[in-house]
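**Student:** give the three-dimensional model of this entry:
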Amino acid sequence: MTVTLPLALLLLSLLGYMAARKVTLFAAHQSEAHAFALTVFCCVAALPFIAIRYAEIPFLLRAIVRGIGIVLFVQVLFDAFGAVPPAPNIVFGEANAHVLFFRWGAVIAVLAGAVGMLRPAFLLPLTYYYILWRHLIGPRTDMWVTDTDYFAMLDGLAFSTIGALLAVTATSEWALSRFAWLRTMMQDMPPAVLRQKTAGLIWAVVVGAHLGNYFCSGVAKLVAGGPEPWTWLLANPTQTAIVIGLERGNNPLATFPSLLQGSWDTISNFTLAFNFLVLGAQLFSPLAILRRSWLLFFTLLFDAFHIGVYFTLGALFHFWIAVNLIVYTSAWRLKENEITPMMKVVCIVATLFGHTVFYTNFLGWLDAARLASPQFYALTKDGREVWMTPTYFGIYSYSIAQTAMFVPEGHFPHRIGGNLSNLDDWREASACLASTTETPQAVGGATYNSVERLVRETHDFMTRYPAIKNQNLYYLYPHHMQPNPWVFTEFNNLRMDDIVGYKYVVDSVCLTLRDGALVRDVKKRAEFRFDVR
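**Tutor:** The predicted structure is shown next:
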């Protein structure tokens, strides 16, 4: 019974999480009205648990629930009040057909989040609102927006919150006084001990699911090599991330040629060592839970990896960095014997197989610096064409940075950032062979019409609120694809009155670095102009 009861509560938590997740994704694929109704329902469903305080959740799990909850609340505040186009939020945007969910849903989510800082039950409407928001923001403009950055974190928050509420409720005096069979079942285990053990198992699942992102990414690197699984380790040109980051305008070292060239040369000369360290850490991540010191080391090591990715690719995995720090904070005061054998088993199982239940990233591919690259230019009254930061387009800058946009016929086939998943394509791309597609590519649903719609809606948004562009306030937004503002100084100096049109450009291009500068070998170019005068 001492083992059965905590496992039973863990299983009930998983079932509750899975059911809620299925309902949420169903609503997201129905309509914005369904999403708004579900947000309201989640608030109502949280009311019976409003008496539960964070202090009632054992510290190990409380650190996860509260920590991720704070991170999510800050993100929702940015989306609810930020100067980011083009969907309406609480402050900005016109009152159009999308206002029910994107404005009033945001009001409800912000209120729920504020209450959720004191009462954990109200983190659930906040969580499910943001999942709905991210799923609906793409169809809003017929453009896919990545879920790589946030979904794994929110799955962990939803599961841990449901598990915490269930563990506290099942072991509370209120429940024990009303359900005699519960008290009977706990004769061999005091309620406080059951709560502690259940919280430990739920924590172990969340940690394992998070580590599973790294483990599965390591496996994906092996799978990308197909019949030669060690290709990524032995031959992948990891330094390619630097030129991809420069092409996006994300690389933070872009204005420091010596440092840029130094990072390129260092990674090029020590590729095998870098690849060995990354792949080894990812594949051995299931073992992190075996020792407290190992878990602390792995979380810090993975954050160091993320910082390295930012200084090359320009991709800032801020949610992943936060979760690693939260796991570290939850575990640092543990004693070695407090990580029980059952917690270790559960964590390892979650790391290896959590992808069947939780959203898990498989970030493994072979790098090549050949891609169909979409970029935007502002056309000015004085005849200039000024390269634009994708952040001007709000959250849709994710799609632009990942090249998940409309690509006309005759261009290189779309690959996210040049990422390739099989040897033949990789070898062809590495040689910059000019294979092209015969038909247009509507990547993520992005057609020519949706690109034009995005441009015109964003321009209209900026025209209504010119201070946003004039003060470049769109940089004040937490981004997975963090732009380097100093790359776009010419665009930053423009005012809305200077812009008379936009140009959407797709280059089939091969990239390299020479003397600290990006070298672009453009094989084919397509240009589309949008007059907004």
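**Student:** drop to CA atoms for contacts and neighbour counts, all remaining ones
**Tutor:** OK.
**Student:** just the CA trace of stretch 119-131, in PDB.
**Tutor:** Presented in PDB, the C-alpha positions along stretch 119-131 are these (Å, rounded to 0.1, in the frame of the first residue of the first chain):
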ATOM      1  CA  ARG A 119      -3.800  30.200  -5.500                       C
ATOM      2  CA  PRO A 120      -2.300  27.500  -7.700                       C
ATOM      3  CA  ALA A 121      -5.600  26.300  -9.100                       C
ATOM      4  CA  PHE A 122      -5.900  29.500 -11.200                       C
ATOM      5  CA  LEU A 123      -2.700  28.600 -13.000                       C
ATOM      6  CA  LEU A 124      -4.800  26.100 -15.000                       C
ATOM      7  CA  PRO A 125      -7.000  28.700 -16.800                       C
ATOM      8  CA  LEU A 126      -3.800  30.700 -17.400                       C
ATOM      9  CA  THR A 127      -2.000  27.700 -18.900                       C
ATOM     10  CA  TYR A 128      -4.900  26.600 -21.100                       C
ATOM     11  CA  TYR A 129      -5.500  30.100 -22.300                       C
ATOM     12  CA  TYR A 130      -1.900  30.400 -23.500                       C
ATOM     13  CA  ILE A 131      -2.000  27.000 -25.200                       C
END
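**Student:** show me the contact partners of it.
**Tutor:** 24, 35, 39-40, 42-43, 46-47, 49-54, 65-66, 69, 72-73, 76, 105-106, 109-110, 112-113, 115-117, 151, 154, 157-158, 161-162, 165 (Cα atoms under 8 Å, 6 or more residues apart in numbering).
**Student:** and those, which of them are buried?
**Tutor:** Buried by 16 or more other Cα atoms under 10 Å: 24, 35, 39-40, 42-43, 46, 49, 52-54, 65-66, 69, 72-73, 76, 105-106, 109-110, 112-113, 115-117, 151, 154, 157-158, 161-162, 165, out of the contacts of stretch 119-131.
**Student:** how far is the helix or strand of the chain with the lowest mean pLDDT from where the chain is centred?
**Tutor:** Least confident helix or strand, the chain: strand 441-442 with a mean of 73, by mean pLDDT, DSSP states H and E. Put simply, strand 441-442 sits 23 Å off its chain's centre (Cα atoms, centre = their mean, to the nearest Å).
**Student:** that one pairs with which strands, parallel or anti?
**Tutor:** Strand 441-442 has the following strand partners under DSSP bridges: strand 406-407 (antiparallel).
**Student:** flag the shaky bits of the stretch 251-400 of the chain, pLDDT-wise.
**Tutor:** Of all residues in the stretch 251-400 of the chain, none has pLDDT under 70.
**Student:** can you give me the strands in the protein?
**Tutor:** For the chain, the strands defined by DSSP state E cover 366-367, 370-380, 385-387, 406-407, 419-420, 441-442, 499-514, 517-531.
**Student:** export those to CSV and append columns for mean neighbour count and distance to Glu228.
**Tutor:** Shown next, in CSV, are these (neighbours: other Cα atoms under 10 Å; distance: least, Cα to Cα, whole Å):
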stretch, mean neighbour count, distance to Glu228
strand 366-367, 26, 12
strand 370-380, 24, 22
strand 385-387, 19, 41
strand 406-407, 26, 31
strand 419-420, 22, 14
strand 441-442, 20, 30
strand 499-514, 20, 25
strand 517-531, 15, 30
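**Student:** save those strands as a markdown table, and put in distance to Thr141 too.
**Tutor:** Converted to a markdown table, the strands of the chain look like this (distance: least, Cα to Cα, whole Å):
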| stretch | distance to Thr141 |
| --- | --- |
| strand 366-367 | 30 |
| strand 370-380 | 17 |
| strand 385-387 | 22 |
| strand 406-407 | 13 |
| strand 419-420 | 25 |
| strand 441-442 | 13 |
| strand 499-514 | 16 |
| strand 517-531 | 17 |
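**Student:** out of the ones you listed, which gets nearest to Asn269?
**Tutor:** strand 499-514 (14.4 Å; Cα to Cα).
**Student:** just the C-alpha atoms of that closest one, please, in PDB.
**Tutor:** C-alpha atoms of strand 499-514 as PDB (Å, rounded to 0.1, in the frame of the first residue of the first chain):
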ATOM      1  CA  ILE A 499       7.500  54.000 -45.300                       C
ATOM      2  CA  VAL A 500       5.500  53.900 -48.500                       C
ATOM      3  CA  GLY A 501       5.600  50.100 -49.200                       C
ATOM      4  CA  TYR A 502       7.200  46.800 -48.400                       C
ATOM      5  CA  LYS A 503       9.000  44.200 -50.400                       C
ATOM      6  CA  TYR A 504       8.900  40.500 -49.700                       C
ATOM      7  CA  VAL A 505      12.000  38.700 -51.000                       C
ATOM      8  CA  VAL A 506      12.800  35.000 -51.200                       C
ATOM      9  CA  ASP A 507      16.400  34.100 -51.900                       C
ATOM     10  CA  SER A 508      17.600  30.600 -52.700                       C
ATOM     11  CA  VAL A 509      21.000  31.200 -51.100                       C
ATOM     12  CA  CYS A 510      24.100  29.400 -49.900                       C
ATOM     13  CA  LEU A 511      25.900  30.900 -47.000                       C
ATOM     14  CA  THR A 512      29.400  31.000 -45.500                       C
ATOM     15  CA  LEU A 513      31.500  33.300 -43.400                       C
ATOM     16  CA  ARG A 514      34.600  35.100 -44.500                       C
END
